[in-house]
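K.L.:
structure here, sequence nowhere to be found:
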């Protein structure tokens, strides 16, 4: 069945370093969403990408959707301790049924 | 506007017991869903609904039932709890359908369930 893998699984960075997580789907996605989950918390929506090749920025976060709509990335510039958490991508292969990625857990060392 | 609410926050069950996890939203969203999240894992879709009276299965539906009698409420029933159902359960709602440009999913705070 549909699989969405994320790499890396874990990432430890020094505060101020950059961070990137990659999301790869086994099938084409109609759109892709990114969520952040703080330890002990619930997923919080960050952004949705719909168009092939789309790039969106939110302050220090840059999101990309691949040309084939099967992969995506999230890049954080100059990480801060507030960026700690697990980042998930999610996408529907069709309608309604969202498949979540395996997640990348980010730790930022001050 | 409370968003998505879930009760209870914590629950301990014995094997074989049944219970209902409650989920409600006040955003008039048609789409609601239930996910489970196991330690260190992503979220897996259990059941979803696209409106009152309409439900369908997700990735891992076995052992769970749902119903949607109103737009606001989407309870999840565990029929006969098993240790493998120990997990954190999240309810979510969305105004979109999965292919539109307005598919923000709002998650509830979760229910932490332990089955002994």
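P.N.:
Received the coordinates, thanks. Remember, predicted model here, so these are calculated numbers, not experimental data.
K.L.:
quick one: residues contacting residue 32.
P.N.:
You didn't pick a chain, so chain A it is. A:23, A:25, A:48-49, A:65, A:69, A:72, A:89-91 (Cβ atoms under 8 Å, 6 or more residues apart in numbering or on different chains). Yep, even glycine has a C-beta here, placed from its N, CA and C like the rest.
K.L.:
look at chain B instead
P.N.:
Contacts of residue B:32 (Cβ under 8 Å, 6+ apart): B:23, B:25, B:48-49, B:68, B:74, B:91-94.
K.L.:
list only those of these flagged as buried.
P.N.:
With neighbours counted by 16 or more other Cβ atoms under 10 Å in any protein chain shown, the contacts of residue B:32 contain buried members at B:23, B:25, B:48-49, B:68, B:74, B:91-94.
K.L.:
the closest residue to residue B:107 other than its chain neighbours and residue B:56, how far apart?
P.N.:
Spatially, and ignoring its direct neighbours in sequence, residue B:107 is nearest to residue A:42 (4.3 Å; Cβ to Cβ, 6 or more residues apart in numbering or on different chains). Between residue A:42 and residue B:56 the distance is 23 Å, computed by Cβ to Cβ, to the nearest Å.
K.L.:
repeat that for residue B:14.
P.N.:
30 Å.
K.L.:
of these two, who's got more company?
P.N.:
Set residue B:14 next to residue B:56 and count neighbours by other Cβ atoms under 10 Å in any protein chain shown: residue B:56 wins out with 14 against 8.
K.L.:
any idea which helix or strand carries that one?
P.N.:
For residue B:56, the host element (DSSP states H and E) is strand B:54-57.
K.L.:
tally of neighbours for the residue nearest to residue B:107?
P.N.:
Using other Cβ under 10 Å: residue A:42 sits among 21 other residues.
K.L.:
for the residue nearest to residue A:39 when sequence neighbours are not counted, which residues are in contact?
P.N.:
The shortest distance from residue A:39 to any non-neighbouring residue, by Cβ to Cβ, 6+ apart, is to residue A:85 (6.8 Å). Taking Cβ under 8 Å, 6+ apart, we find residue A:85 in contact with A:36-39, A:41, A:105-106.
K.L.:
correct me, but residue A:90 touches residue A:4?
P.N.:
Yes. Between residue A:90 and residue A:4 there is a contact under Cβ atoms under 8 Å: 7.4 Å.
K.L.:
which residues are in contact with each of those two?
P.N.:
A:99-101.
K.L.:
out of the residues you listed, who has the most neighbours?
P.N.:
Ranked by neighbour count (other Cβ under 10 Å), the shared contacts of residue A:90 and residue A:4 have residue A:101 at the top, with 26 neighbours.
K.L.:
low-confidence ranges in the chain?
P.N.:
By default, I'm working from chain A. Residues of chain A meeting the criterion pLDDT under 70: A:1, A:94-95.
K.L.:
you looked at the wrong chain, it should be chain B
P.N.:
Confidence mapping of chain B against pLDDT under 70 gives the ranges B:97-102.
K.L.:
how about the residues of it near chain A?
P.N.:
Within reach of chain A by Cβ under 8 Å from any Cβ of the partner chain, chain B has these residues: B:31, B:33, B:35, B:41-45, B:48, B:50, B:56, B:58-59, B:90, B:92, B:97-99, B:101, B:103-110.
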